[in-house]
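[1] Here is my input, please return the structure:
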Amino acid sequence: MPWHWHKELELFYVESGSLEYTTPGGKIMFPAGSGGLVNANVLHTTSPCPGAGKTVQLLYLFDPSLIAGAPGGRIERQYVTPLISNTAAALLVLRPDCPAHTKALQQLSRSFCLNQTGTAYELQLRSVLSALWVTLLGLCPHRRAQLPPAAGRGIRSNS
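    Numbering: from 1, shown residues only. Now for the predicted structure:
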């Protein structure tokens with residue numbers, strides 16, 4: 001794949017073989033079972049690693065609003081923008097040999113098993129990707145948004 005960038009997030013899983021991602025920050029090899037997130041507007045290129053056999057990469061390209069919801073809303077401000085606007089998070093790496101990455105990799109690989117022709121596929125996918133986003137935020141605590149104090153976070157009823 002030639003050098004390119006896009007406004008969408010690129011979330012990927014390497015099912016077999018090995019891929020090399022190159023960004024202006026350097027090169028990273030992704031073997032089978034690994035995955036990652038290329039942030040929005042990051043210049044990058046990919047190529048299969050020689051001698052790694054057939055490479056199969058599964059990926060989603062999606063606008064951050066899929067997770068963020070309403071523009072300017074709390075979810076976007078507190079959970080999406082802090083990560084996508086962080087230049088240090090150009091390429092997040094998920095390794096199968098890192099126990100902290102296990103949950104995220106399982107969520108990612110399972111997301112590709114959703115039935116695309118099933119009922120409410122898009123809602124199911126958004127739900128899975130949102131859960132994965134929470135996991136990714138947990139892996140990046142210095143990038144995680146801080147919630148305001150607990151007061152006012154509950155749902156109130158006038159009845």
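[2] hmm, which helix or strand of the protein has the shakiest average pLDDT?
    Every helix and strand in the chain was compared by mean pLDDT, DSSP states H and E; the lowest is helix 81-84, with a mean of 90.
[3] On the three-state scheme, the closest residue to A68 other than its chain neighbours is what?
    The shortest distance from A68 to any non-neighbouring residue, by Cβ to Cβ, 6 or more residues apart in numbering, is to E76 (3.7 Å). The way it works is simple: take the backbone N, C-alpha and C, and place the C-beta from them, glycine included. Classification of E76 using DSSP: H, G, I helix; E, B strand; the rest coil returns helix.
[4] quick one: the longest helix along the chain to chain centroid distance?
    Counting residues, the longest helix found in the chain (DSSP state H) is helix 121-139. Between the centre of helix 121-139 and the centre of its host chain there is 8 Å, according to Cα atoms, centre = their mean, to the nearest Å.
[5] From the contact counts, what lies against it?
    helix 65-68, helix 102-111 (3 or more Cβ pairs under 8 Å, 6 or more residues apart in numbering; DSSP states H and E).
[6] what mean pLDDT would you report for the last one?
    What it means is helix 102-111. Average pLDDT, helix 102-111: 96.
[7] got the angle for that helix vs helix 121-139?
    Here helix 102-111 runs at 170 degrees with respect to helix 121-139, directions being taken by axes from the mean of the first three to the mean of the last three Cα atoms, to 10 degrees.
[8] Restricting to C-alpha, output helix 102-111 in CSV.
    The C-alpha coordinates for helix 102-111 follow below in CSV (Å, rounded to 0.1, in the frame of the first residue of the first chain):
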residue,chain,number,x,y,z
THR,A,102,-5.0,-9.8,25.5
LYS,A,103,-8.5,-8.3,26.1
ALA,A,104,-8.2,-5.7,23.4
LEU,A,105,-7.0,-8.3,20.9
GLN,A,106,-9.8,-10.7,21.8
GLN,A,107,-12.4,-8.0,21.4
LEU,A,108,-10.8,-6.9,18.0
SER,A,109,-10.6,-10.4,16.6
ARG,A,110,-14.2,-11.3,17.7
SER,A,111,-15.5,-8.1,16.1
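[9] quick one: it to chain centroid distance?
    Chain-centre distance of helix 102-111: 10 Å, with Cα atoms, centre = their mean.
[10] contacts for it?
    Residues from elsewhere that reach helix 102-111 (Cβ atoms under 8 Å, 6 or more residues apart in numbering): 11, 13, 15, 33-35, 58, 60, 94, 96, 125, 128-129, 131-132, 135-136, 139.
[11] All good on my end, thank you.
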